[in-house]
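> this one's sequence-less:
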């Protein structure tokens, strides 16, 4: 097994660490608050990841595989991007660029020639996270892509989950894409709430993850109600938003922009037919971005 390395960039606002295993955002420390951690630091007894990359699909494949041109390809939930070693292509004081390219190993799991670049950049008081996806093949390429960042919540020990809420920029009527015990969409879609702009953080609210569509806010934030402190995330037009928390067990909330949904329970095992699947033509490239910032109301 290859030895992994943690790389650091920083400016006067943040210190950011990233792991070349999965090009995973490993740590963000807010220097304005004595190095307060912004993202979940991992716990093997609860959830040992921090902010994994979802590629080349989001969620679970039906029965753990897809079929392309009559050949079966097995795959774990969320794909292999999060477990692969990504090469550092460029690093400076305030930015780092990782690259994962197709090779013999990836071709056994996903038969397209691709390059996935993952960039983290500090721009004043904002953390810019960008996926640059390149189709290096001579044929069209279907894929899913997603961010899975776990944000620390509570922000500090004097507060409880009940002191927080997930707040949308504006009133929303999001659609919950329900899934079964295997993580596959059932086809049942229900309005999670009507014309409201927040969700409370409690166990009854979050017994499992929500996969939401029909969200139009420019940003979603975790808000500390007594103080007005927040961590805000701009999903940049993702068709699905997955929310996940375990307030009875863990001190984090995941807000996840997803570009493609999990397989449906009646899937025909084709990536091409997944809901909101992304497609790049031969030689084409596309960028996907989330922006993170912290502040106080």
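Okay, I see it. From a predicted model like this one, the values you see are computed outputs, not experimental measurements.
> Please name the nearest non-neighbouring residue to residue 267.
Leaving out its chain neighbours, the residue that sits closest to residue 267 by CB to CB, 6 or more residues apart in numbering is residue 62, at 4.1 Å. Just so you know, the C-beta spots here come from the backbone N, C-alpha and C atoms, and that holds for glycine as well.
> can you pull the contacts of the one you found?
182, 184, 263-265, 267, 269 (CB atoms under 8 Å, 6 or more residues apart in numbering).
> try residue 217
For residue 217, the contacting residues are 168-170, 172, 197, by CB under 8 Å, 6+ apart.
> I'd like the distance from it to residue 171, if you could.
9 Å (CB to CB, to the nearest Å).
> what's the overlap in contacts for these two?
Residues touching both residue 217 and residue 171 (CB under 8 Å, 6+ apart): residue 197.
> returning to what we had before: taking the contacts of residue 217 one by one, which sit in strands?
168-170, 172, 197 (DSSP state E).
> Buried ones from those residues, can you make that a PyMOL selection?
Of the ones in strands among the contacts of residue 217, the buried ones go into a single PyMOL selection, burial set by 16 or more other CB atoms under 10 Å:
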select buried, resi 168+172
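> what about stretch 172-185, start to end distance?
Start and end residues of stretch 172-185 are separated by 22 Å (CA to CA, to the nearest Å).
> my bad, should have said stretch 61-69
Length of stretch 61-69, first residue to last, CA to CA: 17 Å.
> Mind checking the pLDDT average for that stretch?
Per-residue pLDDT values over stretch 61-69 give a mean of 97.
> Pull out the buried residues from that stretch.
Across stretch 61-69, burial judged by 16+ other CB under 10 Å covers 61-62, 66.
> Pull the distance from that stretch to the chain's centre.
Taking CA atoms, centre = their mean, to the nearest Å, one finds the center of stretch 61-69 at 22 Å from the center of the full chain.
> which residues sit in contact with residue 15?
8-9, 27-29, 31, 35.
> most surrounded residue in the residues you listed?
Neighbour tally across the contacts of residue 15 (other CB atoms under 10 Å): the maximum, 26 neighbours, falls on residue 28.
> And for it, nearest residue in space, chain neighbours not counted?
Nearest non-adjacent residue to residue 28, counting by CB to CB, 6+ apart: residue 38, 4.0 Å away.
> May I ask you to confirm that that neighbour is in contact with residue 292?
Yes: between residue 38 and residue 292 a contact is recorded at 7.3 Å, counting by CB atoms under 8 Å.
> Which strand residues bridge the residue nearest the centre of the chain?
With distances taken as CA atoms, centre = their mean, the chain has residue 147 as the residue nearest its mean C-alpha position (1.6 Å). Under DSSP bridges, the beta-bridge partners of residue 147 are residue 53.
> so what's it scoring on pLDDT?
Model confidence at residue 147, given as pLDDT, is 97.
> can you check residue 160 too?
At residue 160, the pLDDT value in this model is 91.
> same thing with residue 250?
Taking residue 250 on its own, its pLDDT is 80.
> Kindly indicate which of the contacts of residue 217 lies nearest residue 129.
Distance to residue 129, by CB to CB, is smallest for residue 169 among those, at 18.8 Å.
> Touching, that closest one and residue 220? I think so.
Yes: with contact defined as CB under 8 Å, residue 169 counts as touching residue 220 (7.3 Å).
> Phi, psi for the closest residue to residue 149 other than its chain neighbours please.
The spatially closest residue to residue 149, leaving aside those adjacent along the chain, is residue 51, at 4.1 Å (CB to CB, 6+ apart). With angles defined as degrees, to the nearest 10, residue 51 sits at phi -160, psi 70.
> State the distance from residue 51 to residue 293.
15 Å.
> between the two, who's got more neighbours?
The neighbour comparison of residue 51 against residue 293 (other CB under 10 Å) goes to residue 51, with 26 against 20.
> residue contacts, that one?
By CB under 8 Å, 6+ apart, the contact list for residue 51 reads 24-26, 39-40, 147-150.
> can I get those in TSV with distance to residue 122?
Converted to TSV, those look like this (distance: CB to CB, whole Å):
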residue	distance to residue 122
24	17
25	12
26	14
39	14
40	20
147	17
148	21
149	16
150	20
